[in-house]
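Undergrad: Below: sequence and its predicted model.
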Amino acid sequence: MNPTMMIIFFVVLVGMMYFQVRTQKKQAEKRMESLNKLQKGYEVITIGGLYGTVDEVDSERKTVVLDVDGVFLTFELAAIKTVLPLTEGIPAAAGVEGDIAVSDEDTAIEE
């Protein structure tokens with residue numbers, strides 16, 4: 001292998017490594033930005049696949065309390081995989097009750 005080919009190969013290898021690191025750095029910055037903006041009412045998905053609504057964020061301890069159907073669970077911020085997008089400028093689960101009425105007929109158990 002002649003020296004010119006080795007230099008070209010080395011430059012291409014360094015260029016590929018540079019672009020990979022740059023992409024990973026941008027993704028990490030975007031993730032940290034979304035975690036820093038996290039506040040009560042946002043819907044999130046944890047790394048375990050659990051969907052929940054943020055109830056409390058503790059920046060000092062780097063923890064978040066999630067409300068999962070009335071069960072409150074505490075996680076580290078690093079356990080948040082995805083912050084779901086907001087709908088119409090408000091958090092997806094801002095505590096608004098649905099307009100579905102349940103009557104006694106719907107819940108009655110027939111014997």
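TA: Great, that's in hand.
Undergrad: Residue nearest the middle of this protein, spatially speaking?
TA: Geometric centre of the chain, nearest residue: Thr82, 1.8 Å, by Cα atoms, centre = their mean.
Undergrad: partner residues bridging that one?
TA: Counting by DSSP bridges, Thr82 is bridged to Ile45.
Undergrad: And it, what's its pLDDT?
TA: Predicted confidence (pLDDT) at Thr82: the value is 89.
Undergrad: Would you map the strands across the chain?
TA: Residue ranges of the strands in the chain, as given by DSSP state E, are 43-46, 51-58, 63-68, 71-76, 80-83.
Undergrad: tell me the mean pLDDT over stretch 60-72?
TA: 92.
Undergrad: Can you give the distance of it from its chain's centre?
TA: 13 Å (Cα atoms, centre = their mean, to the nearest Å).
Undergrad: Name the residues that touch that stretch?
TA: Outside stretch 60-72, the residues within contact range by Cβ atoms under 8 Å, 6 or more residues apart in numbering are 38, 44, 46, 50-58, 73-80. C-beta here means a position set from N, CA and C on the backbone, and glycine is covered the same way.
Undergrad: please redo it, this time with the cut-off set to 10 Å
TA: With Cβ atoms under 10 Å, 6 or more residues apart in numbering as the test, stretch 60-72 has contacts from 35, 38-44, 46, 50-58, 73-80, 93, 95.
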